[in-house]
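**Q** I need the structure of the sequence given here:
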Amino acid sequence: MTRTAIVSAMHEELAAVLALMPDERRVQAAGREFWQGHLHGHEVVAVLSRIGKVAAATTATVLIERFGVQRIVFTGVAGGLAPGVNVGDMVVAEHFLQHDLDVSPLFPRYEAPGYGTARFAADPAWTAALVQAATATLADLPHILTPATRDEFALHAPRLHRGLLISGDRFVATTAESRVLQQALPDALAVEMEGAAFAQVCRDYGVPLAVVRTISDRADDAAHVDFARFLQTVAARYSVATMDRLFRLLC
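**A** The predicted structure is shown next:
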């Protein structure tokens, strides 16, 4: 049986996923709590990634080395960058890049030394399954979110986007920072703090990776002020609905 890691970025998302697992048991390793069990008959290990690329890389490595996972799916939130990537949309990554990696002039800007590339790919087949699950989540939004929640966050026609996700050890929350990233990386859909680290570790080990992010803000001066409420009432529900659909698809 294929063992799958479900990685969440926030406690609320992880708790929602654990509620789907009837037999989870806690295992501590590397200062983290990993939850082993089953989801719709599939063997899974669930864990929080923690914040930032170093913490993410450690989590990914422990999942592979200690728990022997054979594929990883990551669910979390991100700030929208590209035009039309709005609050409540979902982004499924096809490629990852570290926007704060710069070893020039030894290597081109953004290139990961020793890899000959700045961009790391998500696994196509695993990502296709995640796209199908995320699409089903958005189609079923009236049953996932209350009308009041949809109105509160203006979630009337959320869209699914596929493409480049960029990561860095800096929380991007000003218009000036967003514009710099948009100009330097015009095809970047969204920005977060862990995905590219997971992608590099997964490439090293040959482990398939798929990542979905819910857009919580536009990573600018107008970034949503009530992040905690959005996380609890929107992002966590997106995540659990998408993971539920993903693992049902695998049955």
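**Q** put the alpha carbons of stretch 132-139 into CSV.
**A** C-alpha atoms of stretch 132-139 as CSV (Å, rounded to 0.1, in the frame of the first residue of the first chain):
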residue,chain,number,x,y,z
GLN,A,132,-9.5,17.1,-9.9
ALA,A,133,-10.2,17.2,-6.2
ALA,A,134,-9.7,21.0,-5.9
THR,A,135,-12.0,21.5,-8.9
ALA,A,136,-14.7,19.4,-7.1
THR,A,137,-14.2,21.5,-3.9
LEU,A,138,-14.9,24.8,-5.7
ALA,A,139,-17.9,23.3,-7.6
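**Q** any idea of the mean pLDDT for that stretch?
**A** Mean pLDDT, computed over stretch 132-139, is 97.
**Q** which positions within it qualify as buried?
**A** By 16 or more other CB atoms under 10 Å, the buried positions in stretch 132-139 come out as Ala133, Ala134, Ala136, Thr137, Leu138. (C-beta placed from N, C-alpha, C; glycine too.)
**Q** as JSON lines, the residues you listed with secondary structure would be great.
**A** What follows is these, written out as JSON lines (DSSP: H, G, I helix; E, B strand; the rest coil):
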{"residue": "Ala133", "secondary structure": "helix"}
{"residue": "Ala134", "secondary structure": "helix"}
{"residue": "Ala136", "secondary structure": "helix"}
{"residue": "Thr137", "secondary structure": "helix"}
{"residue": "Leu138", "secondary structure": "helix"}
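**Q** hmm, Gln98 and Gly168 touching each other?
**A** Yes: using CB atoms under 8 Å, Gly168 is in contact with Gln98, at 6.3 Å.
**Q** tally of neighbours for Pro83?
**A** 8 (other CB atoms under 10 Å).
**Q** I'd guess it is in a helix, am I close?
**A** No: going by three-state DSSP, the assignment for Pro83 is coil, not a helix.
**Q** quick check: pLDDT value at it.
**A** On pLDDT, Pro83 comes in at 93.
**Q** quick one: it from Gly163, how far?
**A** Noted for Pro83: a distance of 13 Å to Gly163, by CB to CB, to the nearest Å.
**Q** can you give me the buried ones in stretch 17-26?
**A** In stretch 17-26, counting by 16+ other CB under 10 Å, buried: Val17, Leu18, Leu20, Met21, Glu24.
**Q** now the residues you listed as CSV including pLDDT, secondary structure and distance to Trp126?
**A** Shown next, in CSV, are these (pLDDT from 0 to 100; DSSP: H, G, I helix; E, B strand; the rest coil; distance: CB to CB, whole Å):
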residue, pLDDT, secondary structure, distance to Trp126
Val17, 91, helix, 17
Leu18, 94, helix, 22
Leu20, 92, coil, 19
Met21, 93, coil, 20
Glu24, 93, coil, 22
